[in-house]
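Undergrad: show me the folded form of this:
(one chain, ligands or ions: 3)
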Amino acid sequence: MDRDYNVTIEEIQRVLKEKTKRFAFKKLEREVVKTGACVECGACAASCPVNAITGERINDKYVPKLTGDCTSCGICYAMCPRSFVLEEHLLGNVKSIWKIRTTANYKHQDGGAVTSILGYMLDTKMIEGAVIACKSTEKPWMPIAKTVTNKEDLYACGGTIYSHAQVVDEMIQGFKKNLTSLAIVGTACNIDAVHRMEEHPAGFFSIDKKASIFKVSLFCMESFNYQDIVAFLDKVGIDIKNVARFAIAGGQFKVSVGDDEQSWPVGELDYAAASSCAFCQDLSGKHADLSCGNIGSDEGWTTVLARTDRGVKIIKDAIKNGAIEGEQLESDAMLSVMNSARFKMNKYYGLSSKH
Ligand code: SF4
Ligand code: SF4
Ligand code: SF4
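TA: Numbers count the residues shown, from 1 in each chain. Ligands and ions are numbered 1, 2, ... in the order given. Coordinates of the predicted model:
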């Protein structure tokens, strides 16, 4: 006997209407089927409430095709394991979103929230050290991974550096020197490496049960090869040793020399992007305790996605303690972070960012 699925479908439609944009089959076909991302699972055809999709066999490959009238309900797109319409696909689990800035008087970038949170954790002895990327003293703006154990060294390291740094290696060396509690700040790829060390039975944290790590991820669209950045700046008449600040905001790569700021569309530096970043789908660091960046908050503030109970508690305690100021945001605030995450995912699939 056929079972009646109407209630389930209505419920799904209600959730989709409230929580997501609704897309027609064409979007699924364009983004998943035609790009080769389809895993041939048949979930789209099985989920269509009006049986508009047929899984056809073409050269022994299962290919979902639209054979009926699509009502643009969006269910096939939402059920597909290779689409990325729902928040958790794009950003992972988020317990709360915050808008934060430092209360300390030191030179900082984008709200200085990360540095102040780490400073608070050091002050309260929650961690023995923080592993961060600092500027090399030999090559200007070349990132060097460093473990800092006091606020003075932490503040001296401020400033965003857009090249890969070996913070994970530095973290492990710290634990091997008998440190037991560290925070690490890195891009999503770094945090993913740490997460694997936590999850895999042979991973570092599965073996060393004493080691405790607090993971802070920085929003990241891409990082650049150091030599290519130096060459780019050279071409536009800037010596990297004179640069006071780098920033990426609103699709612009911004470089400050003294009080003068110049900017270029980030696309002009595509050739300088690290090859690894072409394989990256994660903007915000889904496995972090806190994910931080300048997307979604006014200038001078940092947007923070708190993903774990520990992350939420540290934010609340640091605000209470006066190390940072800020407020919790409504989930709507996540929209611009989600849009950036979707842009990155589209880039990965070689798609236009338009929907
Ligand atoms: S009716 Fe809904 S589930 Fe069916 S093809 Fe169209 S969008 Fe997909
Ligand atoms: S649900 Fe997605 S992955 Fe599965 S067959 Fe349909 S398009 Fe392919
Ligand atoms: S784009 Fe991805 S791979 Fe590249 S630095 Fe950022 S997180 Fe790492």
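Undergrad: hmm, who's touching stretch 148-166?
TA: With CB atoms under 8 Å, 6 or more residues apart in numbering as the test, stretch 148-166 has contacts from 104, 106-110, 112, 115, 118-119, 122-123, 128-130, 132-135, 141-146, 186-187, 218, 222-226, 229, 245-248, 274, 276. C-betas here are computed from N, CA, C, even on glycine.
Undergrad: list buried residues within the residues you listed.
TA: In the contacts of stretch 148-166, burial by neighbour count holds for 104, 108-110, 112, 115, 118-119, 122, 128-130, 132-135, 141-146, 186-187, 218, 222-226, 229, 246-248, 274, counting by 16 or more other CB atoms under 10 Å.
Undergrad: look up phi and psi at residue 37.
TA: Here is the backbone geometry of residue 37 (degrees, to the nearest 10): phi -80, psi -10.
Undergrad: repeat for residue 255
TA: Dihedral pair for residue 255: phi -130, psi 130, per degrees, to the nearest 10.
Undergrad: next, count neighbours for it.
TA: 22 (other CB atoms under 10 Å).
Undergrad: residue 208 too?
TA: Counted with other CB under 10 Å, residue 208 comes out at 14.
Undergrad: same thing with residue 205?
TA: 18.
Undergrad: correct me if wrong: it contacts residue 213.
TA: Yes - Residue 205 lies in contact with residue 213 (CB atoms under 8 Å); the separation is 6.9 Å.
Undergrad: what touches both of these two?
TA: Common neighbours of residue 205 and residue 213 (CB under 8 Å, 6+ apart) are residue 198.
Undergrad: so residue 155 is in which element?
TA: Using DSSP states H and E, residue 155 falls within helix 151-156.
Undergrad: tell me which element residue 297 is part of?
TA: Going by DSSP H and E, residue 297 is not part of any helix or strand.
Undergrad: now it: closest residue in space, sequence neighbours ignored.
TA: Leaving aside its sequence neighbours, residue 297 sits nearest to residue 303 (CB to CB, 6 or more residues apart in numbering; 4.4 Å).
Undergrad: what's residue 337 sitting at in phi/psi?
TA: Residue 337 has phi and psi values of phi -70, psi -40 when expressed as degrees, to the nearest 10.
Undergrad: residue 297 versus that one, what's the distance?
TA: 10 Å (CB to CB, to the nearest Å).
Undergrad: residues shared between the contacts of these two?
TA: Counting by CB under 8 Å, 6+ apart, the shared contacts of residue 337 and residue 297 are residue 303.
Undergrad: okay, now the residue nearest to residue 297: neighbour count?
TA: 27.
Undergrad: which SSE is immediately downstream of the strand or helix carrying it?
TA: Assessed by DSSP H and E, residue 303 sits inside strand 302-306. Going down the chain from strand 302-306, the next helix or strand is helix 309-321, by DSSP H and E.
Undergrad: packing partners for that next one?
TA: strand 96-102, helix 113-123, strand 290-293, strand 302-306, strand 324-329 (3 or more CB pairs under 8 Å, 6 or more residues apart in numbering; DSSP states H and E).
Undergrad: rerun that using 7 Å as the cut-off
TA: Judged by 3 or more CB pairs under 7 Å, 6 or more residues apart in numbering; DSSP states H and E, helix 309-321 is in contact with helix 113-123, strand 302-306, strand 324-329.
Undergrad: now that helix, how far from the chain's geometric center?
TA: Centroid separation for helix 309-321 versus its chain: 21 Å, with CA atoms, centre = their mean, to the nearest Å.
Undergrad: pLDDT on it, on average?
TA: For helix 309-321, mean pLDDT is 97.
Undergrad: can you pull the buried residues of it?
TA: Going by neighbour count (16+ other CB under 10 Å), the buried part of helix 309-321 is 311-312, 314-315, 317-319.
Undergrad: quick one: name the residues of the stretch 251-355 of the chain near ligand 1.
TA: By CB under 6 Å from any ligand atom, no residue of the stretch 251-355 of the chain approaches ligand 1.
Undergrad: can you list the low-confidence ranges for the stretch 251-355 of the chain?
TA: Of all residues in the stretch 251-355 of the chain, those with pLDDT under 70 make up the ranges 349-355.
Undergrad: next one: the chain
TA: In the chain (pLDDT under 70), the answer is 1-22, 85-87, 106-111, 158-160, 349-355.
Undergrad: mind redoing it with 80?
TA: Filtered on pLDDT under 80, the chain yields the residue ranges 1-23, 31, 35, 37, 84-89, 105-111, 158-162, 249-250, 331-333, 345-355.
Undergrad: for ligand 1, what are the nearby residues on it?
TA: So the chain meets ligand 1 at 24-25, 48, 50, 52-53, 70-76 (CB under 6 Å from any ligand atom).
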